[in-house]
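# Dropping the sequence and predicted coords here.
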Amino acid sequence: MRRGVVTRTRLILGVFLVFMLVAPLVLPEFQITLLNYIGLYSIVALGLVLLTGIGGLTSFGQAAFVGMGAYATAYLSTVYGMSPWLTLIVGLVLTFAVSLFLGFITLRLSGHYLPLGTIAWGISLYYLFGNMEFLGGHNGISSLPAINVFGLELDTGREFNYLIWSLVLLALLSMQNLLDSRSGRAIRALKGGGLMAESFGVDTARMKIIIFVHAALLASLSGWLYAHLLRFVNPTPFSINAGIEYLFMAVVGGAASVWGAVVGAGILTVLKQWLQDLLPKLLGQSGNFEMIVFGVLLVLLLQRAREGIMPLAVRFFPAPEKLLPPLAQELTRRARPAAGEMLLELKGARKSFGGLVAVNDMSFAMSGGEILGLIGPNGAGKSTVFNLVTGVMPVTGGEVHFRGERIDTLSARAIVPRGLARTFQHVHLLPAMTVLENVAIGAHLRGSKGVISAALRLDRTEEAMLLAEAARQLARVGLSASVHEQAGSLALGQQRILEIARALCADPVLLLLDEPAAGLRLQEKRALAELLCKLKSEGMSILLVEHDMDFVMKLVDRLVVMDFGEKIAEGLPKEIQTNPAVLEAYLGGVK
Amino acid sequence: MNSEIALFLIQDGLTNGAIYALLALALVLVFAVTRVIFIPQGEFVAYGALTLASLQLGKLPGTAWLLLTAGVAVAAVELVQALRIGAVRRVPAIVLHYVLVPSAIVVLAWWVAPQKPALTFQVLLALLLVVPLGPMVYRLAYQPLANASVLVLLIISVAVHFAMTGLGLVFFGAEGSRTPAFSDAHWKLGVLTISGQSLWVLGVSLSLIVALLLFFEHTIYGKALRATAVNRVGARLVGISPAMAGKLSFTLAALIGALSGVLVAPITTIYYDSGFLVGLKGFVGAIVGGLVSYPIAAAGALLVGLLEAYASFWASAYKEVIVFTMIVPVLVWRSFTTHHIEEEEE
Amino acid sequence: MSALLQVRGLSVAYGKIEAVHQVGLSVEEGRIVTVIGPNGAGKTTLLAALMGVLPSRGNISYAGGDLAHVEAEKRVGLGLCLVPERRELFAAMTVEDNLVLGAFHRYRKRDKSINADFEQVYQLFPRLKERYRQLAGTLSGGERQMLALGRALMSRPRLLMLDEPSLGLAPLVVRDIFRVIAGLRETGVSILLVEQNARAALQVSDYGYVLETGEIAVEGPSAELASDPRVIESYLGLASGGAG
């Protein structure tokens, strides 16, 4: 690394640190209060950046989790005189349990049910806070104790500022660490790459729950801080409107960047303050008129700059320097099958959708080191066979065996670790992630470090091994030059090859390629054919579903031909080319 | 609880439930046609009720100014678009639809309101002032994002809800309003007293539901809306524009919302922000129907009304908690009946 | 004679990936023109762009007018009609409602001749008449294709664009569909036909284009294309393999 190059992250961090150290010493009381609120809101918004911006799950109910943290400490520290540090833990545990329950119920649902659900329980928890006698009803709970740090009582906003912003910083950095890891890649794949991630062994349902709980815990932490900053709680700040404002902050700042949370919280807090002074004077009556401006602002923002303000701001900082991943110890590889060992076998596999039989009584087998082509006209049922083998769809009848084990009862996620990896007919990449990161998702199951070790940076050895493996596979397919490019900027041919590299990262013994040549230009096809020959010479077995006859004929050892969901021929390429049934199926014709 | 109270609660629950059912139908309609989860539906309820209340006081309601402003904004957007592609021919129609017609409505209201006309006329006037806001909101907020994901559209909805609630506060103030009942009649039916207003609500709701049914089954525009809901691409290919379908469904939703507001205003005091909770109760019903089934949504909404009536009798402080918590078991049930093969949007 | 449809330099891109590149083609009034080519060559994209469902660059002139700022919905009113590969029927509605909606833009103009067209479509596809109250989603593959064609005819098209009408259909049904397509020529409808079933397409059409990776590779009268060695080699590769 060249000395003196300041990366984007470090520059932001440096400016931020200096400001936060100096600000409380020089700013007037009013600005300090504002800064405190910005910090509190940033923590909640940060959770939403993870949940909504990165994970694609929307919650309007975060204010209820803030309330949970605030009320837990308010009640326990006033009624039982418990130490705020202890009540922090109780509040977090309570939030953990509740969010786990709510997440378990709602996250299974398709997209829009979740935000609707969050509105519902957001409202219901708000009314609960206001109606429970022991929580003080709508009057709330007052006289909370101050927080004590190493004997120092934090009883002014100025002192409290340091506590708030240290926690903001901690939350930010741990989140950044998390996103730049094995689990982070899986989380970033949730939005737009769920199917792909599952087929490389990512438990997407579990990942969703993790980020939901994580966001709830951050909200609860913010609530705890809020309660001890004000030394008073009542239900008002935990209403659904507050929950909506939190989401606005994340969206305004830029829901896909951790710093966007701070930017969004800052902008909205300052704007609100300013509007609350200005609008009532302008309109000659008092009320929350800033709602109008917020609403219109958000509509315009989503229409004009859907990614929020952060991506616009980031342009002014130097781009981070990118390095090839360091050499690291190789991951262990699974045992290769011997040439000729029975690898994959379909026995009378059948799939019907309602009354429509898509695949009927398919049987074929392939052995180690072989390239088998599965061909047939459009709509013949090739892709369905592919989905049956990879576990994307359950079979209606018959059996699928892989290396002597029955796999038709297993889910896609359970089949990958047995040594079977695939590519997709329509490329499934995460266009905003780098080529290297995309490929590393393929190696998901070859690592084991989870969210917590990632946040604490305890995963670096394994992470280096995973990235090195991704780089190695990229070199194997000849994409080393594009390692740090965004996957979305590659040409289609390169994207297809990237998908092969990603599949190779899973250390498969059988590679399944779904129409890899579709839409490729002639040179791209040649490059692809060369790559497949090379893989074959290295002992890889390949099942190739393809429409392009020309492409398959030169490549495969054997062919299975399908039409109308059934096998109509099987044999060597030469035999297939002269098979009358195949000619009829492919050329049709009106006679 | 004796049977008299039980029957009274059923009547109360059904009356509110009928309104929630109307709203639930509108929500399902808007979602099916445009994929918009129409949170601001509730604001149309409040606007309808409060606009009528203003008219009854002989005042020009604030919604009149909103109608003018929104009309001018839509006209501006449309004009820019038309002139950019050189379609000068469209200019007169745009000005007529979005500037002249709203102005005429406002002038009418300004002239008639102080004379305190008959209730029917006041209701019509309130609808004329509020309903055109539906398609205008669609044009300004949603149409530019018609291809966005459901989630982006939902955030837009929440933003529109925020703005409209704030505007409601500007126009109508923080004070609540209650309008006189359509009918003061009461009938004794055994132990039960049936109020004329309840019958009005039930009657109007039922006729509106039947009218909607006929519209969907037997008119070409009704079929066009269904077609858009079933297959958006197919609809475009036969010449049904998504913008037209969007505006039409928003007009219907605004009509249903404003009319619901007019119907509830004599039953409960409506504040500028009351619409949100009313609308969300319609939502609970709509979610019971999975946002697709009209009859199940209506049944779910009736159930919400009944639950609310009984909850307010047994534990009035926890009324909202109970109603909104009901969504949790509904979601659990949905999560086990929905086949979860979800390929993400965007 | 000027062509009904004249396309020049048409390009369509999905993000950064260009699927159709600088394509030019024309369809004369009353002719059947086919575009053949392998999977992923951009045939479907081309038709979607002509219909206005996908944004494109280049020039599309139709019946003497430029289509640049005409939305897909308006193109239907001008007599353009696309029967897409996925048919895009209204599955939860009846056969009859599907046909009614095919004539949507004519209802808006209060066209009186719609009822006569119903009879014509039912005459062409008696199966549809038998099933007029059935939901479109419950039809068989062949019936769906008939309904898609029928719905298109209800719009009274001048230029009918068909995307893979033979896709997934049994040979007998394919034969029927192609017979109908050939018959439509007699009614004066111009047809742009996209097919993978090259032989059938070349038999029924007057003129053909071969699209490969988004570009026109070869063009010519259909009879000539069917015997052009380049076409046989690059597209009908199997036939040459069979012969050799």
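Great, that's in hand.

# need the contact list for A:Leu25.
The contact partners of A:Leu25, by Cβ atoms under 8 Å, 6 or more residues apart in numbering or on different chains, come to none. Using the backbone N, CA and C atoms, a C-beta is placed for each residue, glycine as well.

# Spatially, what comes nearest to the residue in the stretch 301-450 of chain A that chain C sits nearest to if we skip its sequence neighbours?
Residue nearest to chain C within the stretch 301-450 of chain A: A:Gly379 (3.4 Å; Cβ to the nearest Cβ). Spatially, and ignoring its direct neighbours in sequence, A:Gly379 is nearest to C:Gly168 (3.4 Å; Cβ to Cβ, 6 or more residues apart in numbering or on different chains).

# From B:Gly176, how far out is that neighbour?
62 Å (Cβ to Cβ, to the nearest Å).

# Name the spans of the chain whose pLDDT lies under the cut-off.
Picking chain A for this. A:1-9, A:110-111, A:255-256, A:314-326, A:586-591 (pLDDT under 70).

# hmm, I had chain C in mind actually
In chain C (pLDDT under 70), the answer is C:1, C:232-244.

# where do the helices sit along it?
C:43-51, C:72-77, C:95-102, C:104-108, C:114-124, C:126-130, C:141-153, C:171-184, C:198-204, C:222-227, C:229-234, C:237-243 (DSSP state H).

# again with the stretch 451-591 of chain A
Applying DSSP state H, counting those that start in this stretch to the stretch 451-591 of chain A gives helices spanning A:451-455, A:460-477, A:492-505, A:522-537, A:549-553, A:573-577, A:580-587.

# still on that earlier bit, for the residue nearest to A:Gly379, phi and psi?
Note on C:Gly168: backbone dihedrals following degrees, to the nearest 10 are phi 70, psi 10.

# pretty sure it is touching A:Gly381, no?
No. Contact between C:Gly168 and A:Gly381 fails when scored by Cβ atoms under 8 Å: they sit 9.6 Å apart.

# neighbour-wise, which of these two wins?
A:Gly381 (23 against 18; other Cβ atoms under 10 Å in any protein chain shown).

# nearest spatial neighbour of that one, skipping sequence neighbours?
Nearest residue to A:Gly381 in three dimensions, chain neighbours excluded: A:Gly565, at 4.1 Å (Cβ to Cβ, 6+ apart).

# How much space separates the one you found from A:Ala585?
12 Å.

# any common contacting residues for the two?
Common neighbours of A:Gly565 and A:Ala585 (Cβ under 8 Å, 6+ apart) are A:Ala380.

# what's across from the residue nearest to the spatial centre of chain C in the sheet?
Per Cα atoms, centre = their mean, the C-alpha nearest to the average position across chain C is that of C:Leu162, at 1.4 Å. Taking DSSP bridges as the rule, C:Leu162 bridges to C:Val83, C:Leu193.

# List the contacts of it.
C:83, C:149, C:181, C:191-194.

# which among those residues end up buried?
Buried positions within these, assessed by neighbour count (16 or more other Cβ atoms under 10 Å in any protein chain shown), are C:83, C:149, C:181, C:191-194.

# ok, those residues vs chain A, which is closest?
C:Ile181 (10.1 Å).

# Does the closest one touch C:Thr34 like I think?
No. Counting by Cβ under 8 Å, C:Thr34 is not a contact partner of C:Ile181; they are 10.1 Å apart.

# who touches both of those two?
C:193, C:204.

# picking that back up, how about the helices of the stretch 451-591 of chain A in a markdown table, adding mean neighbour count and distance to C:Ala41?
Shown next, in a markdown table, are these (neighbours: other Cβ atoms under 10 Å in any protein chain shown; distance: least, Cβ to Cβ, whole Å):
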| stretch | mean neighbour count | distance to C:Ala41 |
| --- | --- | --- |
| helix A:451-455 | 20 | 44 |
| helix A:460-477 | 20 | 25 |
| helix A:492-505 | 24 | 13 |
| helix A:522-537 | 15 | 12 |
| helix A:549-553 | 21 | 13 |
| helix A:573-577 | 18 | 22 |
| helix A:580-587 | 17 | 16 |
